[in-house]
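> Next input, structure requested:
(chains A, B and C)
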Amino acid sequence: MKSLTKYLTFNVPERMDFVHITPDVADAVRESGVQEGLCLVNAMHITASVFINDDEPGLHRDYKRWLENLAPFDASPETYHHNRTGEDNADAHHKHQIMEREVVVAITNGRLDFGPWERIFYGEFDGRRPKRVLIKIIGE
Amino acid sequence: MKSLTKYLTFNVPERMDFVHITPDVADAVRESGVQEGLCLVNAMHITASVFINDDEPGLHRDYKRWLENLAPFDASPETYHHNRTGEDNADAHHKHQIMEREVVVAITNGRLDFGPWERIFYGEFDGRRPKRVLIKIIGE
Amino acid sequence: MKSLTKYLTFNVPERMDFVHITPDVADAVRESGVQEGLCLVNAMHITASVFINDDEPGLHRDYKRWLENLAPFDASPETYHHNRTGEDNADAHHKHQIMEREVVVAITNGRLDFGPWERIFYGEFDGRRPKRVLIKIIGE
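Just a heads-up that it's a prediction; the model follows:
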């Protein structure tokens, strides 16, 4: 069995934004030499996500509005108990649950085995500081 | 390490519907000969899902209503920016995020290691055309 | 390839509550002897979740309120078709979809490869009876 572990760091200038990371993951797959296996990609922070969707800016605008509607930013400790800890990012923990922590992607013939429009994104919900993504590949 | 890759194709006649695919996945597990391992099942399209839940038609009706409420179909480019691309399926991309792209299931003693009511479903949110599901099995 | 399968049982006295299970999973990783691999942790019931988030009681109160808002408990068969089966837990099946069935965690150098605040929780949405969680580890 082969394995590879890689960490990416992002410092997103906005509170919420999405970063296309498919090329980084594809590089890791090549580097691993794995022909048949699984590739886990996960946010290492619980106020961020890794998800697979369309690389289309209009959709990303829609997601931001939708997430803000489902779990609005509100620094007040009256709205979110979590913000009584001194944090202001309770909303980001909720957005994480909608958009998900991780994806697991098949590796077939040495490549990410993707449908036509699948692309991997890092989803930041509490940016403006460095945060990490983990890539773990196992297979043969 | 053994591995198996399989693709299923679905052409769901409705815009939104759920298809029970546990038997297809169980067949793939048997075919793989894997006794201990992991089985990834994912939608290859970002307007569809693979999820695990109850094989109960009433629940599926509830899901459809709930998803339509959380992310309503609306072809208008005013409601969803994504639909300015000429698509009308922005809602389906949102439903995908709620219902999830993939499941990872344990294989134990050569079988899907399931609780009593766990069943795998393909969730279609923009049907009426052929779309694919990937099954990837690794283990020994 | 090494593998380990372990089942945890929870009997949560409340209808909805969250149980911190990172120590149980870390024990299983040690027991497996796996240095590099993947660890799947999933609810075996479709009215419960396994998720990764912050071990902070205020956030957990926020989640409970938020989930109750997104998918309210209502035993009436008028509100949820699923409850026409005699069940009263349709809401729990919906909460499961928001909070997710499973997590997949990397194992690196024999340990769960976690960011600073990542902790694993069992999320119960229809408690007061014994329910199981599966841990499956594969790697080398």
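
> what are the phi and psi angles of A:Pro23?
Dihedral pair for A:Pro23: phi -60, psi -40, per degrees, to the nearest 10.

> and it, how many residues sit next to it?
10 (other CB atoms under 10 Å in any protein chain shown). Every C-beta, even on glycine, is put in place using the N, C-alpha and C of the backbone.

> Check the one 4 residues further on too.
Here the count is done by other CB under 10 Å, and A:Asp27 has 12 residues near it.

> tell me, what residue is most central in chain A?
A:Val50 (1.8 Å; CA atoms, centre = their mean).

> so which strand or helix has that residue?
strand A:48-53 (DSSP states H and E).

> and that strand, anywhere near chain B?
Yes - for a cut-off given as CB under 8 Å from any CB of the partner chain, strand A:48-53 has contacts with chain B, namely A:51-53.

> With stretch A:92-103 instead?
Yes - residues of stretch A:92-103 are located near chain B by CB under 8 Å from any CB, namely A:98-100, A:103.

> Kindly reformat the residues you listed as TSV and extend each row with distance to C:Trp117, pLDDT and neighbour count.
Converted to TSV, those look like this (distance: CB to CB, whole Å; pLDDT from 0 to 100; neighbours: other CB atoms under 10 Å in any protein chain shown):
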residue	distance to C:Trp117	pLDDT	neighbour count
A:Ile98	18	97	22
A:Met99	17	97	21
A:Glu100	17	95	21
A:Val103	20	98	22
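
> I'd like to know which of the residues you listed is nearest to C:Val133.
Of all the residues of stretch A:92-103 next to chain B, C:Val133 sits closest to A:Glu100, with 19.0 Å by CB to CB.

> In contact with the closest one, which residues are there?
A:49-51, B:97, B:100, C:100 (CB atoms under 8 Å, 6 or more residues apart in numbering or on different chains).

> same check, this time on A:Pro13
A:127-128.

> again, only this time at 10 Å
Contacts for A:Pro13 (CB atoms under 10 Å, 6 or more residues apart in numbering or on different chains) come out as A:124, A:127-128.

> of those, buried ones?
Neighbour-count burial within the contacts of A:Pro13 applies to A:124, A:127; the criterion is 16 or more other CB atoms under 10 Å in any protein chain shown.

> nearest to C:Pro116, of the residues of strand A:48-53 next to chain B?
When the residues of strand A:48-53 next to chain B are compared against C:Pro116 (criterion: CB to CB), the nearest one is A:Phe51, at 21.4 Å.

> was I right about that closest one contacting A:Ile120?
Yes - using CB atoms under 10 Å, A:Phe51 is in contact with A:Ile120, at 7.7 Å.

> For chain A, which helix extends over the most residues?
helix A:57-70 (DSSP state H).

> do that one and chain B meet?
Yes - judged by CB under 10 Å from any CB of the partner chain, helix A:57-70 and chain B are in contact via A:57-67, A:69-70.

> picking that back up, what about the residues of stretch A:92-103 next to chain B, which are in helices?
Short answer: those in helices (DSSP H) are A:98-99.

> any idea which of the residues of stretch A:92-103 next to chain B is closest to C:Glu78?
A:Ile98 (27.6 Å).

> Against A:Asp91, how distant is that closest one?
11 Å (CB to CB, to the nearest Å).

> now A:Ile46
Taking CB to CB, one finds A:Ile46 at 12 Å from A:Asp91.

> Next, show the common contact partners of the two.
A:125-126.

> excluding its backbone neighbours, what's nearest the residue of chain A found nearest chain C?
In chain A, the residue that lies nearest chain C is A:Met44 (3.0 Å; CB to the nearest CB). Once flanking residues are discounted, A:Met44 sits nearest to C:Gly115: 3.0 Å by CB to CB, 6 or more residues apart in numbering or on different chains.

> how about that neighbour, secondary structure?
Secondary structure state of C:Gly115, per DSSP: H, G, I helix; E, B strand; the rest coil, is coil.

> contacting residues around it?
Residues in contact with C:Gly115 (CB under 10 Å, 6+ apart) are A:7, A:42-46, A:48, A:101, A:131-134, C:52.

> before we move on, back to that, of the contacts of A:Pro13, which belong to strands?
A:Glu124 (DSSP state E).

> mind putting the contacts of A:Pro13 in CSV, distance to A:Ile21 included?
Below are the contacts of A:Pro13 laid out as CSV (distance: CB to CB, whole Å):
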residue, distance to A:Ile21
A:Glu124, 11
A:Gly127, 15
A:Arg128, 19
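
> Can I get the contacts of A:Pro13 in CSV including pLDDT and distance to chain C?
Output for these, formatted as CSV (pLDDT from 0 to 100; distance: CB to the nearest CB, whole Å):
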residue, pLDDT, distance to chain C
A:Glu124, 98, 14
A:Gly127, 98, 15
A:Arg128, 97, 17
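
> that older thread, and the contacts of A:Glu100 as a markdown table, adding distance to C:Pro77?
Output for those, formatted as a markdown table (distance: CB to CB, whole Å):
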| residue | distance to C:Pro77 |
| --- | --- |
| A:Ser49 | 36 |
| A:Val50 | 39 |
| A:Phe51 | 35 |
| B:Gln97 | 29 |
| B:Glu100 | 27 |
| C:Glu100 | 27 |
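
> Would you map the helices across chain A?
Under DSSP H, chain A gives helices at A:22-32, A:57-70, A:90-99.

> show me the contacts for A:Asp88.
A:15, A:73-77, A:80, A:82, A:126.

> Next: A:Leu40.
A:5, A:50, A:102-105, A:134-138, B:104, C:38-39, C:104-106, C:113.

> do that again at 8 Å, thanks
A:102-104, A:134-137, C:38, C:104, C:106.

> try A:Asn109
Counted by CB under 8 Å, 6+ apart, A:Asn109 has contacts A:35-36.

> The same query, at a cut-off of 10 Å, please.
Applying CB under 10 Å, 6+ apart, the residues near A:Asn109 are A:35-36, B:5.

> what's the residue of chain A found nearest chain B sitting at in phi/psi?
In chain A, the residue that lies nearest chain B is A:Gly115 (3.0 Å; CB to the nearest CB). Dihedral angles of A:Gly115 (phi, psi; degrees, to the nearest 10) stand at phi -70, psi 170.

> mind checking how far it is from B:Gly58?
31 Å.
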